[in-house]
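Undergrad: Okay, predicted coordinates and the sequence, questions at the end:
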Amino acid sequence: MQQFVTQHPAVLSVTIGAAFIAWFAFISWVTGWVAGWRSLAQRYRTDREFPEHRRRMQSAVMRSGMRINHGLTLGSDAGGISMGMTIPILAGYPRLFIPWSDVIAEEPRRWLFLMVRTFRLGPDEVPFRVRESLAEFLLEPRSADRSISEPSGGVSRPGGMKWGV
């Protein structure tokens, strides 16, 4: 084996590089599945462009405490929330568009030293916790549209409100 490695160092380098990329893709795919991104992608995957009202390099906590630190681009418009990875190198994280009718916005609450708000996304109510300032930013286009700013026909529950259309 040592003789082969000595005679073909490029093969060893390519093999190690490919193994690293495969391991990185596998880990990112598993974390996307555990966090709930994959279940959201089955229903809300999109190729639509991000709205002008967006922020890059954002953080969130999803299902099972899975954190996405400074890796999200989040935007919103009167139709819903757009989500994607800032640098789309992770397997299992396609761009999503979730309409407001499938978003439950819980009341803000204190978490350690921060004010946070949890959105429940889709029929499975996948948790998506962000800082309150980011939550307010995402809710701005929804609040600006006066004709549908109040929930109507949506399902409400303690601590949250269903944004119905």
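TA: Done, it's in. Computed from a prediction, not measured in an experiment: that's the story for all the values here.
Undergrad: May I ask you to name the longest helix in the chain?
TA: Ranked by residue count under DSSP state H, the longest helix found in the chain is helix 9-35.
Undergrad: Pull out the buried residues from that one.
TA: 28-29, 31-32, 35 (16 or more other C-beta atoms under 10 Å). Every residue, glycine included, has its C-beta placed from N, CA and C.
Undergrad: and what of stretch 60-76?
TA: Result for stretch 60-76 [16+ other C-beta under 10 Å]: buried residues 60-63, 66, 68, 71-76.
Undergrad: same question, stretch 44-55
TA: Going by 16+ other C-beta under 10 Å, stretch 44-55 has these buried residues: 44, 50-51, 53-54.
Undergrad: show me what contacts Leu72?
TA: When contacts are counted by C-beta atoms under 8 Å, 6 or more residues apart in numbering, Leu72 touches 56-60, 83-86.
Undergrad: if you set the cut-off to 6 Å instead, what comes out?
TA: By C-beta atoms under 6 Å, 6 or more residues apart in numbering, Leu72 lies in contact with 58, 60.
Undergrad: A strand includes it, no?
TA: Yes - Leu72: assigned to a strand according to DSSP: H, G, I helix; E, B strand; the rest coil.
Undergrad: Distance of it relative to His53?
TA: Between Leu72 and His53 the computed distance is 15 Å (C-beta to C-beta, to the nearest Å).
Undergrad: do Gly84 as well
TA: For Gly84 relative to His53 (C-beta to C-beta), the value is 14 Å.
Undergrad: repeat for Ser82
TA: For Ser82, the distance to His53 equals 9 Å [C-beta to C-beta].
Undergrad: Overlap of the contact sets of those two?
TA: Gly75.
Undergrad: Quick check: chain neighbours aside, which residue is closest to Pro127?
TA: Distances taken as C-beta to C-beta, 6 or more residues apart in numbering place Thr118 nearest to Pro127, at 5.4 Å, with adjacent residues excluded.
Undergrad: Mind checking what secondary structure the one you found has?
TA: Thr118 ends up strand, using three-state DSSP.
Undergrad: Give me the neighbour count for it.
TA: Applying other C-beta atoms under 10 Å, we find 22 residues neighbouring Thr118.
Undergrad: List the residues that contact it.
TA: For Thr118, the contacting residues are 106, 127, 129, by C-beta under 6 Å, 6+ apart.
Undergrad: any idea of the mean pLDDT in the helix or strand containing the second one?
TA: For Pro127, the element it lies in under DSSP states H and E is strand 126-131. In this model, strand 126-131 carries a mean pLDDT of 95.
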